[in-house]
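Asker: have a look at this fold, sequence not included:
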């Protein structure tokens, strides 16, 4: 049966959610896309989880999305002779490339690329922003800084440089190996970390070569400065608020989130709001009221999906966290205010036949009280253009491509079905009616708004709109979902 909500749920798998029974329980609780976080775990761990997801997919007969999240280049300081030191505000501290263990006066920062962009007055954040250093003098292999804040600094803490575009690829050597492995597994989405500019997305696209959709993670102020170009080149976007909040003042993050979501809505790119959404549920069976409001805000803003990280990967209540997120989303979407906000924020259609048809489909569905909008698609573009219009009825996405069906699991309001191909217009209409009834989206006597492109199988060629009425003869015809989900590749 279709989910009773339009906003999708992404959940991260980890030590708390590895067993097949737990992954099934997460799916039953509401997960639409599972995230494999390659910052943690071995290739074997991720292969096992991927296999369990694909086995589950065959069991439930529904396409399930899998998102590979790459770690990205991690900048870290070296180690200290005593394991940790304490810095006081105003204290001088040196960063250099020497391999010797650090002490209270210096520590190694072995990333030579950083020194190329440092200048006096630049701030360096350490340990997720807990420690701030300000550069006073620097050279090709050193930086003399002064501590702005006091605190303890220990081995291998992360380094952030807010407002600085680093001369680094978004793909480290580890990422390239992980990407190759994940594409062999058959993941549906690849989340690209450390995106700073559109060229980072273009580099990843050349490597992925259409084998998966690209999710650009917006987690640096530099990415915000190049947001329009990054969104345009991406297939989807993630608002990675954890790292974004390290390099950006906390008071700026909410407006950045709204800007990212709005830009994705305008271009029809699915957008995920992520990080710390129900964080207290890592250790508690219920969220704080502020966290519930945070999830609700993302839904009101029009996000395609909301995401759980540690809550489902390593927390004590992974299934409860998904169930809670599902309840919050469904409650918001029942609020009449949600529909009014969605109507007010509709993007202007582009001057294309496809946008003219999908915009009309939404209007016609409302006028004739249709049960659903059905879109036939090969690449997914037709369905995404319909979803961009945020119709008040479900979007039934029919595709002969299983990879496309899996990717559409991320899109707002879309109930994707992997189905047999059609060869004629009349077959298309009959097929849509059968599938809508079979999938629980319509009953006999209800209207469907059907969109497609002719000739069939031409990506992006949406040029037909038809209103059809389902009939009693469409009931019980299981061949409507004739595209079987195959066994996973070993």
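Answerer: The structure has been received and is ready for your questions. All values derive from a computational prediction rather than experimental measurement. Numbers count the residues shown, from 1 in each chain.
Asker: can you list the residues that contact the strand or helix carrying residue 26?
Answerer: If you go by DSSP states H and E, residue 26 is part of helix 20-29. Around helix 20-29, the neighbours that count as contacts under C-beta atoms under 8 Å, 6 or more residues apart in numbering are 11, 13, 16-17, 34, 49, 52-53, 55-56, 59-60, 64, 312, 318-319, 322-323, 326. (C-beta placed from N, C-alpha, C; glycine too.)
Asker: below-threshold pLDDT in the protein: ranges please.
Answerer: Applying pLDDT under 70 to the chain picks out residues 456-460, 476-490.
Asker: domain parsing of it, as residue ranges.
Answerer: Using automatic domain parsing, the domain parsing of the chain gives 8-73+169-335, 84-160, 353-481.
Asker: mind checking the SS state of residue 132?
Answerer: The local conformation at residue 132, judged by DSSP: H, G, I helix; E, B strand; the rest coil, is strand.
Asker: which helices and strands sit right next to the helix or strand where residue 214 lies?
Answerer: Here residue 214, judged by DSSP H and E, is contained in strand 213-218. Where contact means 3 or more C-beta pairs under 8 Å, 6 or more residues apart in numbering; DSSP states H and E, strand 213-218 is packed against strand 189-192, helix 198-208, helix 227-233, strand 236-240.
Asker: can you tell me what sits against the third one?
Answerer: Residues outside helix 227-233 that contact it (C-beta under 8 Å, 6+ apart): 195, 197-198, 200-202, 205, 216, 218, 223, 237, 259-260, 263-264, 267, 269.
Asker: for the longest one, same thing?
Answerer: For helix 198-208, contacts defined as C-beta under 8 Å, 6+ apart pick out 169-171, 176, 179, 183, 190, 192, 194-195, 214, 216, 226, 229-230, 232-234.
Asker: quick check on these: which are buried?
Answerer: 169-171, 179, 183, 190, 192, 194-195, 214, 216, 226, 230, 233-234 (16 or more other C-beta atoms under 10 Å).
Asker: can you tell me which two in those residues are farthest apart?
Answerer: When C-beta to C-beta is used, the two most widely separated members of the buried ones among the contacts of helix 198-208 are 183 and 226, lying 26.0 Å apart.
Asker: any idea how far residue 205 is from residue 67?
Answerer: 16 Å (C-beta to C-beta, to the nearest Å).
Asker: more neighbours, these two?
Answerer: Using other C-beta atoms under 10 Å, the more surrounded residue of residue 67 and residue 205 is residue 67, with 29 against 16.
Asker: wait, that one sits on residue 217?
Answerer: No. Using C-beta atoms under 8 Å, residue 67 is not in contact with residue 217; the gap is 10.9 Å.
Asker: spit out the residues that contact those two alike.
Answerer: By the contact definition C-beta under 8 Å, 6+ apart, residue 67 and residue 217 are jointly contacted by residue 191.
Asker: what about residue 305, how many residues close to it?
Answerer: 25.
Asker: and it, what does it touch?
Answerer: When contacts are counted by C-beta under 8 Å, 6+ apart, residue 305 touches 7, 8, 9, 10, 32, 33, 270, 271, 272, 273, 410, 412.
Asker: just list whatever residues bridge to it.
Answerer: For residue 305, the beta-bridge partners under DSSP bridges are residue 8, residue 272.
Asker: likewise for residue 36?
Answerer: residue 13, residue 68.
Asker: kindly list the main-chain dihedrals of residue 399?
Answerer: When quoted as degrees, to the nearest 10, the phi and psi of residue 399 stand at phi -150, psi 140.
Asker: quick one: contacts for it?
Answerer: Counting by C-beta under 8 Å, 6+ apart, residue 399 touches 376, 377, 378, 380, 383, 405, 408, 416, 417, 418, 419.
Asker: with residue 297 instead?
Answerer: Residue 297 is in contact with no residue at all, counting by C-beta under 8 Å, 6+ apart.
Asker: how about it, secondary structure?
Answerer: helix.
Asker: and it, how far is that from residue 395?
Answerer: Per C-beta to C-beta, residue 297 is found 23 Å from residue 395.
Asker: hang on, residue 469 packs against residue 446?
Answerer: Yes. Residue 469 is within contact range of residue 446, at 7.2 Å (criterion: C-beta under 8 Å).
Asker: what sits closest to residue 139 if chain neighbours are left out?
Answerer: Nearest non-adjacent residue to residue 139, counting by C-beta to C-beta, 6 or more residues apart in numbering: residue 115, 6.9 Å away.
Asker: what about that neighbour, which SS state?
Answerer: Recorded secondary structure, residue 115: helix (three-state DSSP).
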